[in-house]
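K.L.:
Return atomic coordinates for the entry below.
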Amino acid sequence: MAVTHKGAISFGLVHIPIQLYKTTTNNDISFHQLSKETHERIRYKKYCANCSKELTTKDIVKGYEYEKDKYVIMSEDELDAMKTPQDRTIHILQFTKLDDIHDIYYEKNYYAIPEQRAEKAYELLRKAMVSLKVVAIAKTVMKTKETLLVLSPMEHGILVKTLFYEDEIIPQPFDITKPKINKTELDMAKQLIQTMIQPYDATLYHDEYQERLKEAIERKIQGEQIIEPSHIPSDQSVLDLMDALKQSLMKNKKPRRKRIRH
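P.N.:
This next block holds a predicted model:
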């Protein structure tokens, strides 16, 4: 597995060298764009608009447009040289309760894996956060962006979550009205929810569409025709809210166990 970021967690005067690894992988089937007539791959070329010359990666540099058609060039070496040792460090700024951070701020997750010589300091930090039921707010520079982080202790390690900054969050586009809900409706909605409460098990869920897509591709490879899945009739007629709640409760109602007489 490739390392996403190398650095160290800075905790007061404690220095914990770590590496970040992605927590997820993309299992989705990807398609290439092909010519409709020849089925040849569509290729995109990078070229200079002024000289119409095709360019390779080594011919391309990064430029910031400070005025119309005027750029200041920044090389990779210059960008890298701007990073101070502190920029490369995951510097803990404060500790807080996990519930204090709204879900809207979370972006990506990474595993923080310590170097062998830093395992004791790493475990000390993890165990202390677990004991106090807190997470750490930290900062580091990843690529060309100073990134806000949350260090969240898990049973077997520390999870690093990247956060959006406040100015990156787009406000909700429209106000949502709050119609009056009567007690009967609320009680029935709570009953329906209670019939569906159970411990979360991630292994129960999988991408069913991707599975059907893979099967369809395999059938086409074998020269078979794709048969459309049978459509299960669904009752999507508009129901009164109370009727919808009642029907949902009846559907989810668990059968009573018969008592065995001795």
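K.L.:
Strands of the stretch 51-200 of the chain, start to end?
P.N.:
Assigned by DSSP state E, counting those that start in this stretch, the strands in the stretch 51-200 of the chain fall at 62-67, 70-74, 89-96, 106-114, 135-142, 145-153, 158-163.
K.L.:
Any chance of JSON lines for those, columns distance to Lys120?
P.N.:
In short, each C-beta sits where N, CA and C put it, glycine included. JSON lines is the format used below for those (distance: least, CB to CB, whole Å):
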{"stretch": "strand 62-67", "distance to Lys120": "41"}
{"stretch": "strand 70-74", "distance to Lys120": "40"}
{"stretch": "strand 89-96", "distance to Lys120": "17"}
{"stretch": "strand 106-114", "distance to Lys120": "9"}
{"stretch": "strand 135-142", "distance to Lys120": "18"}
{"stretch": "strand 145-153", "distance to Lys120": "15"}
{"stretch": "strand 158-163", "distance to Lys120": "14"}
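K.L.:
Out of those, flag the one nearest Lys253.
P.N.:
strand 106-114 (36.3 Å; CB to CB).
K.L.:
and Lys97, how far is that from Lys133?
P.N.:
Lys97 sits at a distance of 7 Å from Lys133 (criterion: CB to CB, to the nearest Å).
K.L.:
Just the helices from this structure, written as ranges.
P.N.:
Using DSSP state H, the helices of the chain run over residues 76-81, 119-132, 183-195, 208-221, 241-252.
K.L.:
among those helices, which is the most enclosed?
P.N.:
Neighbour counts (mean count of other CB atoms under 10 Å) averaged over each of the helices of the chain peak at helix 119-132, with a mean of 14.
K.L.:
what's the angle between that one and strand 106-114?
P.N.:
130 degrees (axes from the mean of the first three to the mean of the last three CA atoms, to 10 degrees).
K.L.:
Give the burial count for Ile158, as a bare number.
P.N.:
A count of neighbours around Ile158, defined by other CB atoms under 10 Å, yields 23.
K.L.:
residue contacts, the residue nearest to it when sequence neighbours are not counted?
P.N.:
Excluding the flanking residues, the one nearest Ile158 by CB to CB, 6 or more residues apart in numbering is Ala112, at 4.5 Å. Going by CB atoms under 8 Å, 6 or more residues apart in numbering, Ala112 touches 9, 18-20, 90, 122, 151, 157-160.
K.L.:
repeat that with 7 Å
P.N.:
Each residue near Ala112 by CB atoms under 7 Å, 6 or more residues apart in numbering is listed here: 18, 20, 157-158, 160.
K.L.:
which of these tops the neighbour count?
P.N.:
In terms of neighbours by other CB under 10 Å, the contacts of Ala112 top out with Val160 at 26 neighbours.
K.L.:
Now do Gln236, the pLDDT please.
P.N.:
pLDDT recorded at Gln236 is 52.
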